[in-house]
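A.B. asks: The following comprises the amino acid sequence and a computationally predicted model.
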Amino acid sequence: MTNDLIGNVRRSGVLSMSVFLIYLLGIATTAHANDRSPPSGSVEVTLGLYLLDVVAIDDSQQTVTIDLGVSVRWVDPRLADKAGQVVLLKDTWAPNLQLMSIKDAKETRPEVLHISQGGQVEYLQRFVGEIWHSSDLSGFPLDQQVYKLQLFTPGYTPAQIRLVEDPERTGQADHWSLVGWERLPGRWIDDPFFFQPAEKEFAGAAFEFTVHRRRGFYFWKVVFPLSLVVLMAGSVFWIDASNSSSQISVAYYSCLSLVAYRFVIGAMVPEVSYMTRLDRFVLGVSVLVFFVLVAAIWTGRLHASDKVAAAKRVNYWCGWMFFAALLLISLLSFVF
């Protein structure tokens, strides 16, 4: 009986130890499957960036509304036994790519990873909404802008994650919703992000695309009507100097029209500290119209003083100076 008791105790101990080992193995397996640490060594991540649409570019708010598709692929041998399954992004390691300069862009796809044979992992995401951008508008409205949709991996240096272009999944759609711009081909670029406070560089890449502003709207809606107002002011020099009240009235109302145009144009571009091409043109013709008003008052006073010949000479030479100055302002504003 004593031997039987000892044998039972031994068998119970072995059974308990076996159950405990199986329990530990289960914990280890679960921890291994849910390991959020990166794979050992440098991880090669294939990144595809496809610009589905550019909806709008707002110069005054410095925003661009985009629709961007992202394809991310890498190999994680620890997930080889999950081939054919879908794993939640939060339950395992991923490069954690983040879109820079987000204003209100949102992720629209589920945050899941698709696992295939050999631990091949694929993550698909779509960003829709507005992002901030910085533009050089000195050439407005003859400008060309380059925008960069940058993604980076916070916490991982280029030595830890090597981002490689996926040419089959990088590009842009044939048609956009964008109005008022002509688009040029975009490209994938290796673009690490340097975080200044930590003095550390993180792995990153970007899709860079270029757009060229269509000039027709600004020519027909702004420059051409504005030029007519300026030419109307120049007609002062074809009015007889004896009719100085008409000369002054035409010049005065031309000045008021230019002031109104400045308010309209001011709403089209942000309040930048430098002059755009359109700003130079508007300022130049505003000074020119003011010159016309001064000349009209001058010839009126000359005529009132019975200096008719002098008034006619002033009218004649000021007329030629006016057209020469208008041509020079136009060339400096839109050509040089």
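C.D. replies: Everything's here; your move. Just so it is clear, the model here is predicted, and its values are computed rather than measured. Numbering: from 1, shown residues only.
A.B. asks: Does anything pack onto the helix or strand hosting Leu327? Which helices or strands?
C.D. replies: Assessed by DSSP states H and E, Leu327 sits inside helix 308-334. If you count contacts as 3 or more C-beta pairs under 8 Å, 6 or more residues apart in numbering; DSSP states H and E, helix 308-334 packs onto helix 224-234, helix 277-304. Yep, even glycine has a C-beta here, placed from its N, CA and C like the rest.
A.B. asks: From the contact counts, what lies against the first one?
C.D. replies: If I follow you right, that is helix 224-234. If contacts are counted by 3+ C-beta pairs under 8 Å, 6+ apart, helix 224-234 sits against helix 244-266, helix 277-304, helix 308-334.
A.B. asks: Identify each buried residue in the second one, please.
C.D. replies: Within helix 277-304, the residues that qualify as buried by neighbour count (16 or more other C-beta atoms under 10 Å) are 277-279, 281-282, 284-286, 288-289, 291-293, 295-296, 298-300, 302-303.
A.B. asks: Figure out which of the helices and strands packed on helix 224-234 is closest to His175.
C.D. replies: Closest approach to His175 among the helices and strands packed on helix 224-234 (C-beta to C-beta): helix 277-304, 29.0 Å.
A.B. asks: Run the angle between that closest one and helix 224-234 for me.
C.D. replies: 20 degrees (axes from the mean of the first three to the mean of the last three C-alpha atoms, to 10 degrees).
A.B. asks: What is helix 277-304 packed up against?
C.D. replies: helix 224-234, helix 244-266, helix 308-334.
A.B. asks: and of the helices and strands packed on helix 308-334, who's closest to Gln160?
C.D. replies: Nearest to Gln160, of the helices and strands packed on helix 308-334 and by C-beta to C-beta, is helix 277-304 at 45.9 Å.
A.B. asks: and the angle from that closest one to helix 308-334?
C.D. replies: 180 degrees.
A.B. asks: can you tell me the helix or strand for Thr46?
C.D. replies: strand 43-58.
A.B. asks: How about the contacts made by Ala80?
C.D. replies: 117-119 (C-beta atoms under 8 Å, 6 or more residues apart in numbering).
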